[in-house]
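coords please:
(2 chains)
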Number of protein chains: 2
Amino acid sequence: MMRLDTADPGFEAAFAALLDTARETTARVDAAVAAVIAAVRARGDAALLDCTREWDGWSPADAAALRVPEAELAAALEATPPALRAALDLAAARIEAFHAAQKPADLETTDSAGLRLGMRWTALDAVGLYVPGGKAAYPSSVLMNAIPAKVAGVGRIAMCVPAPGGALNPLVLAAAARAGVTEVYRIGGAQAVAALAWGTATVAPVDRIVGPGNAYVAEAKRQVFGRVGIDSIAGPSEVVVIADGASDPEHVAIDLMAQAEHDEAAQSILVTDSAALADAVVAAVDRALAALPRAAIAGESWRRHGAVILVRDWEEAADLANRLAPEHLQLMVEEPRALFGRIRHAGAAFLGRWCPEALGDYVAGPNHVLPTGRTARFASGLSVFDFLKRTTWIEADRAGLAAIGPAAVALAEAEGLQAHARSVAMRLPG
Amino acid sequence: MMRLDTADPGFEAAFAALLDTARETTARVDAAVAAVIAAVRARGDAALLDCTREWDGWSPADAAALRVPEAELAAALEATPPALRAALDLAAARIEAFHAAQKPADLETTDSAGLRLGMRWTALDAVGLYVPGGKAAYPSSVLMNAIPAKVAGVGRIAMCVPAPGGALNPLVLAAAARAGVTEVYRIGGAQAVAALAWGTATVAPVDRIVGPGNAYVAEAKRQVFGRVGIDSIAGPSEVVVIADGASDPEHVAIDLMAQAEHDEAAQSILVTDSAALADAVVAAVDRALAALPRAAIAGESWRRHGAVILVRDWEEAADLANRLAPEHLQLMVEEPRALFGRIRHAGAAFLGRWCPEALGDYVAGPNHVLPTGRTARFASGLSVFDFLKRTTWIEADRAGLAAIGPAAVALAEAEGLQAHARSVAMRLPG
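Residues are numbered from 1 along each chain as shown, chains lettered A, B, ... in the order given. A predicted model of the protein is given here:
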């Protein structure tokens, strides 16, 4: 863990180094992934069966066995213990409500030249959702990825999840059922992405693929991009907590550890104007770690990537946050709205002392799939917008064309595109 | 040119083949591009100067010579012939107005548990705009790429354009000045993309790079993706014209040729329910070609990729259009709005007989940078949304946390993330 003070002469260099640290190195798997994609394109289901036998440790009887029967999904939801079922329902309902509020309206205008111009939103026909198997098989991620697609009006939501040894996490299936996933396949890795992009006899192709995955999945998404849309490739998670001296150091410490427990490459940064709080939080982190089952991971993340930065005022804090452009930003200060007004770059913000990031991870409503690694400078969290696209349109009559057509002719001629020019000129009144 | 009839038994196979035809093969330039990017990262301006000398046929005196002085931009706008200047101004004003209308509103709600939830849009700080040199240096593209960024509120718009032999198209500079581009550099190719992504002493880095380019530029954008955002990689252009028997075959023919004259790989498709119109358009295309300066290109595109498809009704036409998901869709029918209501996938639509696509290329207002190659299934045209990003936010007080916190604790525990669970549980009322 690194301690910095903006008043120190070496601060700028140390902070720049913090910004530039890549917390993850990606293995080069291009060739292996290209081979898997080529195999799935050439041999379809047969390639999926081969890959599953080789890497997932089970042997499907046939291609039909790759698909999870609908009854199994419904049964998983039914079998969920009541308290957990209620939590899942609360989360799903709130995520639905927030994403429904995001839905944009169509645009339609008539301009002074009499042309009607507009922009219409339509849903994608079909999307693929990749869900990692093993330790990162999180039901909350199924809700966060599938519900925005459902709310957008996507007809087919096809989910692929590896089933190590043939087994699936029942809570992941329950979440899929609750979220309205239409098809679930026990397929993982690059072969799942290839199947979703190109289609096989068993898996119909989709238009866009979302969801996190390992290096093979990420590279496969990169390689099928263009054939289908993809979401951005998520890196390790991070949080910046801006806290004043009145904040409870135990709360700040556990919030930092909630981020750190995800992954050794996760990053938790405290920014504060109180040296006393900084000291108290550092001590509280040690106490919190001692009681955490995932202390080894969280401790490693904190030691390698954690930081505590002392600032002179909130303007400085906002400036550092904007340069970090964090995935998650907690504002544990007296006037969180005022400070939030100074923030330009963050995936999601959590305002006040009673709003730990974990609330947003599960039940608040906004999406927990957020831009990592400073990409909040240009990217946004998952939303209904990821499952909609726009068609702009123009409606002109003779008078409208006559009003603005001559300018189009002049520009087309200047660009040397005569057919463009004539297509307008030919329609102008003699 | 291919003639198809949905009533023929072989139609489905022939149409599927049409859908699957890749109109462009991309050269593998990964290694060459990786070397250029590495050079620019390592040597900055010196590498830009080397690349410019090697590939652009001129020798800048120093790095400062790479930047076009602001006075030169203003002078180019001043020197534009009045009629062309008026056309440029009309186009710019209309593009501004339409994109301003696209600007989305922030979202803010208070839910039944008393939590305040919201979504705030903010502009990117800085974007890079790549403009190809030579034949494809189109001033209209400068307007279409830069104005949405300006309207979104982007502070820095840095444009890179190769200057073969040191020379630039004055109308491109005029368009840059009119559109509000803040910096123009005489830099092209992968080195321009590398400079925009990583920065050099002369070119400050940006957050997102947009604009068309050759195979090297496209690959460079792919390689810097993640460091910065990029727009989608545009393929060759296409139009589908749906026209009824009452349409003027000369108009339909010139609209098809306006698309074909872009590029031998462009595609123009007529869909009609009238065999007589089909025959008349085919004859009119030959006449139109005879009079076009770019007849060689347009003719090659028409012969290789053109198609005329006879349908039985508009439902069939809409279905084919949705499967083609064309970049441009003209609806030259009696009731274009009704037909447009059946269209789910198209980049931009042009309604009525008096609305040639070229109107939208230059002056109507909606963007002419549109998804090609069937990607309108999941992608959209350029817009203000490309230069904005969203920050979602949550504001909870003790009561709000108490209302929904227990569900978050239950889900976090089910996922085995104890620090997540405790960060909420610790704040719940005893």
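
neighbours around the residue in the stretch 51-200 of chain A that chain B sits nearest to, how many?
Nearest residue of the stretch 51-200 of chain A to chain B (CB to the nearest CB) works out as A:Ala87 at 3.9 Å. Just so you know, the C-beta spots here come from the backbone N, C-alpha and C atoms, and that holds for glycine as well. The number of residues packed around A:Ala87, counting by other CB atoms under 10 Å in any protein chain shown, is 26.

Test my guess that it contacts B:Ala412.
No - between A:Ala87 and B:Ala412 no contact is recorded; they are 9.5 Å apart, counting by CB atoms under 8 Å.

which neighbours do these two share?
By the contact definition CB atoms under 8 Å, 6 or more residues apart in numbering or on different chains, A:Ala87 and B:Ala412 are jointly contacted by A:Tyr362.

re the thing from before, quick one, what contacts the residue of the stretch 51-200 of chain A closest to chain B?
Applying CB under 8 Å, 6+ apart as the definition, the contact partners of A:Ala87 turn out to be A:362-363, B:406-408, B:410-411, B:414.

Most neighbours among those residues, which one?
For the contacts of A:Ala87, counting by other CB under 10 Å, the largest number of neighbours falls to A:Tyr362: 32 neighbours.

Quick check, that one in contact with B:Pro406.
No - when contacts are counted by CB under 8 Å, A:Tyr362 is not listed as touching B:Pro406 (10.7 Å).

How are the helices of the stretch 201-350 of chain A distributed by residue range?
Taking DSSP state H, counting those that start in this stretch as the test, the helices found in the stretch 201-350 of chain A are A:215-224, A:249-260, A:275-290, A:295-305, A:314-324, A:336-340.

so which of these is the most packed in?
The highest mean neighbour count among the helices of the stretch 201-350 of chain A, using mean count of other CB atoms under 10 Å in any protein chain shown, belongs to helix A:249-260: a mean of 28.

Is A:Leu388 bridged to anything, and to what?
Under DSSP bridges, the beta-bridge partners of A:Leu388 are A:Ala123.

any idea how far A:Leu270 is from chain B?
Using CB to the nearest CB, to the nearest Å, one gets 14 Å for the distance from A:Leu270 to chain B.

Show me what the closest residue to that residue other than its chain neighbours is bridged to.
The shortest distance from A:Leu270 to any residue that is not its chain neighbour, by CB to CB, 6 or more residues apart in numbering or on different chains, is 4.7 Å, and that residue is A:Val308. With DSSP bridges applied, A:Val308 shows beta-bridge pairing to A:Arg3, A:Leu270.

just to revisit the earlier point, next one: the residue of the stretch 51-200 of chain A closest to chain B, what pLDDT does it get?
According to the prediction, A:Ala87 has pLDDT 98.

State the helix or strand in which it lies.
A:Ala87 is part of helix A:82-102, with elements assigned from DSSP states H and E.

Then A:Ile394?
A:Ile394 is located in strand A:388-395, with elements delineated by DSSP H and E.

So which of the contacts of A:Ala87 are in strands?
By the criterion of DSSP state E, membership of the contacts of A:Ala87 in strands covers no residue at all.

I'd like those residues laid out as CSV, including distance to B:Arg287 and pLDDT.
Written out in CSV, the entries for the contacts of A:Ala87 read as follows (distance: CB to CB, whole Å; pLDDT from 0 to 100):
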residue, distance to B:Arg287, pLDDT
A:Tyr362, 67, 97
A:Val363, 67, 98
B:Pro406, 76, 98
B:Ala407, 71, 98
B:Ala408, 70, 98
B:Ala410, 73, 97
B:Leu411, 69, 97
B:Ala414, 71, 95
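
re earlier: for the residue nearest to A:Leu270, the count of nearby residues, please.
Every residue meeting other CB under 10 Å relative to A:Val308 is counted, giving 23.

Now do the contacts for it.
A:Val308 sits in contact with A:1-4, A:269-270, A:272, A:278, A:281-282, where contact means CB under 8 Å, 6+ apart.

Dump those residues into a markdown table; add pLDDT as well.
Rendered in a markdown table, the data for the contacts of A:Val308 read as follows (pLDDT from 0 to 100):
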| residue | pLDDT |
| --- | --- |
| A:Met1 | 93 |
| A:Met2 | 94 |
| A:Arg3 | 96 |
| A:Leu4 | 96 |
| A:Ile269 | 98 |
| A:Leu270 | 98 |
| A:Thr272 | 98 |
| A:Ala278 | 98 |
| A:Val281 | 98 |
| A:Val282 | 98 |
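
which non-adjacent residue is nearest the most centrally placed residue in chain A?
When CA atoms, centre = their mean is applied to chain A, the residue found nearest the centroid is A:Val369 (3.2 Å). Ranked by CB to CB, 6+ apart and with sequence neighbours excluded, the top spatial neighbour of A:Val369 is A:Leu382, at 3.8 Å.

just to revisit the earlier point, helices or strands next to the strand holding A:Ile394 in the packing?
The helices and strands touching strand A:388-395, judged by 3 or more CB pairs under 8 Å, 6 or more residues apart in numbering or on different chains; DSSP states H and E, are strand A:116-123, helix B:336-340, strand B:348-351, helix B:357-362.

Can you give me the distance of the closest residue to A:Ala64 other than its chain neighbours to chain B?
Nearest non-adjacent residue to A:Ala64, counting by CB to CB, 6+ apart: A:Thr202, 7.0 Å away. In this structure, A:Thr202 and chain B are 20 Å apart, going by CB to the nearest CB.

Which residues are in contact with A:Thr202?
Taking CB under 8 Å, 6+ apart as the contact definition, A:Thr202 lies against A:44-45, A:48, A:63-64, A:66-67, A:185, A:195.

Which pLDDT value belongs to A:Glu24?
If you check A:Glu24, the pLDDT there is 73.

So what's the residue count around it?
In terms of burial, A:Glu24 registers 12 neighbours under the definition other CB under 10 Å.
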